[in-house]
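Trainee: pasting the sequence and the predicted coordinates here, then a few questions.
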Amino acid sequence: MDPMHTHGAFSWNELMTTDVEAAKKFYAALFGWTYEEMVIGGNSPMAGGTYTSAKVGESWAGGMMSMPAGEHNIPPHWGSYVTVDNVDDTLSLVEKHGGRVLVPAFDVPDVGRMGVFQDPQGAVLCIAAYSMP
């Protein structure tokens, strides 16, 4: 199974933090992660910022980025992504079944389409439909 192309599979983990450089040092010391950085493009809420991808050897482990401006009430946290066939359709189902869309669908160039929702109990989950091979 390829989690980045299987509807319903957990596919990515991402840290939103107030200090990316400190997080990079911490996780490198714990897990031996190395990093690659890129500028976030598209209509993402984080467009223009830097995204840091973490690797274990040659395999991707997850990513990290700075907390969005104005998000002072949200502590640093790890978020998980679940792959979906269609982000817009899934976000419509979220509302139909009592959840709440927190971040409407947006595109990330060379990655895919994403969104964030909260289930009826309050848990937050990210979704993605990946465009990369």
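Mentor: Ah, there it is.

Trainee: next up, the contacts around the nearest residue to Pro104 once chain neighbours are set aside.
Mentor: Nearest residue to Pro104, sequence neighbours excluded (C-beta to C-beta, 6 or more residues apart in numbering): Gly115, at 6.2 Å. Quick note: C-beta positions are derived from backbone N, CA and C, even for glycine. Gly115 is in contact with Val87, Asp88, Thr90, Leu91, Val101, Val103, Pro104, Ala105, Phe106, Cys126, Ile127, counting by C-beta atoms under 8 Å, 6 or more residues apart in numbering.

Trainee: how about the strands in the protein?
Mentor: Along the chain, counting by DSSP state E, strands occupy 10-17, 34-39, 50-56, 59-66, 77-83, 100-108, 112-118, 124-130.

Trainee: show the buried residues in the contacts of Gly115.
Mentor: The neighbour-count criterion (16 or more other C-beta atoms under 10 Å) marks Val87, Thr90, Leu91, Val103, Ala105, Phe106, Cys126, Ile127 among the contacts of Gly115 as buried.

Trainee: most widely separated two among those?
Mentor: Largest separation among the buried ones among the contacts of Gly115 by C-beta to C-beta: Thr90 and Phe106, giving 13.6 Å.

Trainee: hmm, back to that, and the buried ones among the contacts of Gly115, which is closest to His7?
Mentor: Thr90 (9.0 Å).

Trainee: low-confidence regions, this structure specifically.
Mentor: 42-46, 71-72 (pLDDT under 70).

Trainee: name the single longest helix found in it.
Mentor: Under DSSP state H, the helix in the chain containing the largest number of residues is helix 20-31.

Trainee: check contacts around the nearest residue to Arg100 once chain neighbours are set aside.
Mentor: Nearest non-adjacent residue to Arg100, counting by C-beta to C-beta, 6+ apart: Gln118, 4.7 Å away. For Gln118, the contact set (C-beta under 8 Å, 6+ apart) comprises Gly99, Arg100, Leu102, Val124, Leu125.
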